[in-house]
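S.K.: I need the structure of the sequence given here:
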Amino acid sequence: MKRKERESTKALSVPELESERAKKSKELFGIGFGKSFKQEGNPLRERYLRREIAMINTWIREKSPEPILSERSEKK
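M.R.: Got it, this is the predicted structure:
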């Protein structure tokens, strides 16, 4: 993600970020599915998508009004 694209994506609302995350996740799934059929493609695209999804998840957590508890902290 380039700097301008990153800044514009970070400025989105939580529902828009969630839809963007869903798009990236579908694309990542497609790449993994294509790898199982030995289709050629950009091997670094999978890494970039995972990182973009992680950034989007971080922005969603930052903008979320209530704290998101992990499963480990709920079990205690």
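S.K.: which residue lies nearest the spatial centre of the protein?
M.R.: By C-alpha atoms, centre = their mean, the chain has its centre lying nearest to I53, at 1.5 Å.
S.K.: any idea which element that one lies in?
M.R.: If you go by DSSP states H and E, I53 is part of helix 43-63.
S.K.: on that earlier part again, now do the phi/psi pair for the nearest residue in space to the residue nearest to the centre of the chain that is not next to it in sequence.
M.R.: The spatially closest residue to I53, leaving aside those adjacent along the chain, is K24, at 5.1 Å (C-beta to C-beta, 6 or more residues apart in numbering). From N, CA and C alone the C-beta is placed, and that goes for glycine too. The phi/psi pair for K24 (degrees, to the nearest 10) reads phi -70, psi -40.
S.K.: can you pull the contacts of K24?
M.R.: Applying C-beta atoms under 8 Å, 6 or more residues apart in numbering to K24 gives the contacts 49, 52-53, 56.
S.K.: okay, now the unreliable bits of the protein?
M.R.: 67-76 (pLDDT under 70).
S.K.: can we see that at 80?
M.R.: For the chain, applying pLDDT under 80 flags the ranges 1, 33-41, 43, 65-76.
S.K.: which strand or helix spans the nearest residue to I56 once chain neighbours are set aside?
M.R.: Nearest non-adjacent residue to I56, counting by C-beta to C-beta, 6+ apart: R21, 4.6 Å away. For R21, the host element (DSSP H and E) is helix 14-36.
S.K.: kindly report the same for E5.
M.R.: Here E5 is assigned to helix 3-10, by DSSP H and E.
S.K.: if we look at that helix, which residues are touching it?
M.R.: So helix 3-10 is in contact with 1, 17, 20, 55-56, 59, going by C-beta under 8 Å, 6+ apart.
S.K.: show the buried residues in those.
M.R.: Neighbour counting by 16 or more other C-beta atoms under 10 Å classes 17, 20, 55-56, 59 among those as buried.
S.K.: how near is the residue nearest to I53 to E46?
M.R.: Distance, K24 to E46, using C-beta to C-beta, to the nearest Å: 11 Å.
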